[in-house]
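Engineer: Let's see this in three dimensions:
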Amino acid sequence: MDKPFSAACERNRAPILAILRGFFADRRRVLEFGSGTGQHAVHFAAAMPHLAWQASDRAAALPGIRAWLDDAALANTPPPLELDVADGPWPSSPFDAVFSANTLHIMAWPEVEALFARLPDLTGAGAKLAIYGPFNYEGRFTSPSNADFDAALKRRAPHMGIRDAAEVDRLAAAAGFALVEDVEVPANNRLRLWQRA
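Structural biologist: Sure, this is the predicted structure:
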């Protein structure tokens, strides 16, 4: 099959990797939820061979992810897992890190809540969480382009929209994760980093 391709992944993978190299330096098993095309999984796993990078997504995305993983033939990328945060099934073995990019604004808010509620079951003490994407602060957009993007998302589906950082932090805190860094990255996005106590 032709591999799916995301231009956004190609643009953002280098600045994300520059931060994850340090943040995930002491990690061993990463769960990526919403892996999309699989491009991030291949790029990050190749650059950080000490990590087992577990891609996951809804069933419809898995063939495309497999195509990227098969072409790369990396030793540290197991087959992708089917994971729908609304319905599961959820992985049973623990991870010491979780990553996702450009997912929270696509998911319905109850799905975002479900994801964070399951983090304690997916991770152990000291686990790290990294989420990339656009965020609002105190209910305000960080740029006119993000306001336009939010409007476009809502036209596409009413449940979509850029999430407020404080509301996401509240969910993380309820799951035992404290914010350790909030990094500005290109194109009005953030890479927000938390760690479990």
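Engineer: mind listing what the residue lying closest to Ala175 once chain neighbours are set aside touches?
Structural biologist: Among residues not flanking Ala175 along the chain, Leu119 sits closest, at 4.3 Å (CB to CB, 6 or more residues apart in numbering). Every C-beta, even on glycine, is put in place using the N, C-alpha and C of the backbone. Contact analysis of Leu119 by CB atoms under 8 Å, 6 or more residues apart in numbering lists Val98, Ala127, Leu129, Ala172, Ala175, Gly176, Phe177, Arg196.
Engineer: Any idea how many residues pack against His50?
Structural biologist: Residues lying near His50 (other CB atoms under 10 Å) number 10.
Engineer: Equivalent analysis for Val168, please.
Structural biologist: 20.
Engineer: these two touch, right, it and Leu104?
Structural biologist: Yes: taking contacts as CB atoms under 8 Å, Val168 lies within contact range of Leu104: 6.8 Å.
Engineer: where do the contact lists of the two overlap?
Structural biologist: Both Val168 and Leu104 are in contact with Val112, Ile131, where contact means CB under 8 Å, 6+ apart.
Engineer: which element is Ala55 on?
Structural biologist: Here Ala55 sits within strand 52-57, counting by DSSP states H and E.
Engineer: Just the CA trace of the next helix or strand along the chain from that strand, in CSV.
Structural biologist: Heading C-terminal from strand 52-57, the first helix or strand you meet, by DSSP H and E, is helix 62-72. Once non-C-alpha atoms are left out, helix 62-72 reads as follows in CSV (Å, rounded to 0.1, in the frame of the first residue of the first chain):
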residue,chain,number,x,y,z
LEU,A,62,-3.1,0.8,11.7
PRO,A,63,-2.4,-0.4,8.1
GLY,A,64,-0.7,3.0,7.3
ILE,A,65,1.3,2.9,10.5
ARG,A,66,2.4,-0.7,9.8
ALA,A,67,3.5,0.4,6.3
TRP,A,68,5.8,3.0,7.8
LEU,A,69,7.1,0.6,10.5
ASP,A,70,7.7,-2.2,8.0
ASP,A,71,9.6,0.1,5.6
ALA,A,72,11.8,1.4,8.5
